[in-house]
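K.L.:
structure for the following, please:
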Amino acid sequence: MTPANHPAVSRFPVPELKEMPEDIRTRILEVQEKSGFIPNVFLTLAHRPDEFRAFFAYHDALMEKPGNLTKAEREMIVVATSSLNQCQYCVIAHGAILRIRAKDPLIADQIATNYRKANVTDRQKAMLDFAILVSQNAHVVGEPDFETLKQQGFSDDDIWDIAAISAFFGMSNRLANVTSMSPNAEFYSLGR
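P.N.:
Numbering: from 1, shown residues only. Below you'll find the predicted structure:
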């Protein structure tokens, strides 16, 4: 039994580092070197190596690319949609990344609680409105939604990115909830 103050990483088995395929072990050790700890999402997904590789390839394609959306704005999308999807892991982990990327210790809590009252620009509110729409009601997305974003200076590629991030993290949120993925304690103090 895991003590209450040290929750399990996942409800599924977590392989030992030495048992992981070399490419996955290398990636995890690089993350540990950079951040000082291993985020539990890496350990949880290592249970299924092919899915680990696919997940992080798509994650990186969405979250690490240059473009009109800043890295902080990409994290805003993750925090807002993950909050709505009740994904504790993603709100806490990406909230930490958002605080660092935005250089703002308050922004993640504001966005997770109510992004419409957060200290963000009108452009960012429109972005988050669309991300929430995609997350919860993608079937009703229509031309007026695209026009609203274009009036805020978003291109078609930007709109695709907002939608793709929202959709990808919808999947991620659901998987994190089903696996009972536990946020690392280290996330709580990052960027504060």
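K.L.:
nearest residue to the middle of this protein?
P.N.:
Val78 (4.3 Å; C-alpha atoms, centre = their mean).
K.L.:
any idea how far that one lies from Asp23?
P.N.:
If you measure Val78 against Asp23 using C-beta to C-beta, to the nearest Å, the figure is 25 Å. Where you see a C-beta, it was placed from the backbone N, CA and C, and this is true even at glycine.
K.L.:
same question for Gln136.
P.N.:
From Gln136 over to Asp23 the distance is 36 Å, taken as C-beta to C-beta.
K.L.:
quick one: which of the two has more around it?
P.N.:
Gln136 (14 against 11; other C-beta atoms under 10 Å).
K.L.:
got the buried residues for the longest helix seen in the chain?
P.N.:
Using DSSP state H to define each element, the chain has its longest helix at helix 156-178. By neighbour count on 16 or more other C-beta atoms under 10 Å, the buried set for helix 156-178 is 158-159, 161-163, 165-170, 172-173, 175-176.
K.L.:
what is that helix packed up against?
P.N.:
Counting contacts by 3 or more C-beta pairs under 8 Å, 6 or more residues apart in numbering; DSSP states H and E, helix 156-178 packs against helix 49-63, helix 71-84, helix 88-102, helix 122-137, helix 143-151.
K.L.:
ok, back up a step: from the buried residues of helix 156-178, which is closest to Leu45?
P.N.:
Leu175 (8.3 Å; C-beta to C-beta).
K.L.:
nearest spatial neighbour of Gly95, chain-adjacent residues omitted?
P.N.:
In this structure, Gly95 finds its nearest non-sequential neighbour in Ala108, 3.4 Å apart by C-beta to C-beta, 6 or more residues apart in numbering.
K.L.:
what's the answer for Thr113, then?
P.N.:
Ser83 is the one closest to Thr113 (C-beta to C-beta, 6+ apart), at 7.4 Å.
K.L.:
now do the contacts for the one you found.
P.N.:
Contacts for Ser83 (C-beta atoms under 8 Å, 6 or more residues apart in numbering) come out as 91, 111-113.
K.L.:
please work out how many residues are found near the residue nearest to the residue nearest to the centre of the chain when sequence neighbours are not counted.
P.N.:
Excluding its sequence neighbours, the residue lying closest to Val78 (C-beta to C-beta, 6+ apart) is His94, at 4.2 Å. Residues lying near His94 (other C-beta under 10 Å) number 29.
K.L.:
His94 and Arg101: what is the separation?
P.N.:
From His94 to Arg101 the distance is 10 Å (C-beta to C-beta).
K.L.:
give me the common contacts of the two.
P.N.:
Common neighbours of His94 and Arg101, counting by C-beta under 8 Å, 6+ apart, are Glu75.
K.L.:
residue ranges with poor pLDDT in the protein?
P.N.:
1-7 (pLDDT under 70).
K.L.:
SS state for Asn119?
P.N.:
coil (DSSP: H, G, I helix; E, B strand; the rest coil).
K.L.:
helix or strand for the closest residue to it other than its chain neighbours, which one?
P.N.:
Nearest non-adjacent residue to Asn119, counting by C-beta to C-beta, 6+ apart: Gln110, 6.2 Å away. With elements taken from DSSP states H and E, the one containing Gln110 is helix 107-114.
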